[in-house]
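Undergrad: Task: produce atomic coordinates for the following.
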Amino acid sequence: MQHRIKLRPDEVKDFVSAATRCNFDVDISYNSFIVDAKSIIGVLGLNFNQILTVSYNGYDVDFENYLQKFSIAC
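TA: Predicted coordinates for the structure are as follows:
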C-alpha cells in the first residue's frame with residue numbers, strides 16, 4: 001500500500017510512534033530517498049517541503065486511520 005502525505009517536523013515523533021506499532025515494515029520516501037519510517041533520525045532527515053510517500057505491505061486499521069489526517073489528494 002502507498003499513501004502520499006504532507007508531514008511537518010513537529011509531527012515526526014507521533015508519526016514514528018504510529019509506524020513502530022505496526023508489525024510490518026513501513027518506509028517513507030520522496031524522489032529516490034527512502035528511509036525506515038520507524039527511525040526518528042531517518043524521518044527527521046527528510047525534506048518536509050516535499051510530498052512524502054508512505055509504503056508498506058500489511059494492514060493495521062489504526063495506522064490507516066492515523067495516515068488519513070496527513071493524506072493529500074492525488
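
Undergrad: Break down the chain into its strands, ranges please.
TA: 2-5, 26-30, 33-36, 52-56 (DSSP state E).

Undergrad: who wins for proximity to F70 among the ones you listed?
TA: Closest approach to F70 among the strands of the chain (Cβ to Cβ): strand 2-5, 3.8 Å. The way it works is simple: take the backbone N, C-alpha and C, and place the C-beta from them, glycine included.

Undergrad: for that closest one, which positions count as buried?
TA: Buried residues in strand 2-5, counted by 16 or more other Cβ atoms under 10 Å: 3, 5.

Undergrad: Identify the residues contacting it?
TA: 51-55, 67, 70-72, 74 (Cβ atoms under 8 Å, 6 or more residues apart in numbering).

Undergrad: pLDDT added to those residues, as CSV?
TA: Listed next are these as CSV, based on pLDDT from 0 to 100:
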residue, pLDDT
I51, 95
L52, 97
T53, 97
V54, 97
S55, 97
L67, 95
F70, 93
S71, 92
I72, 87
C74, 56
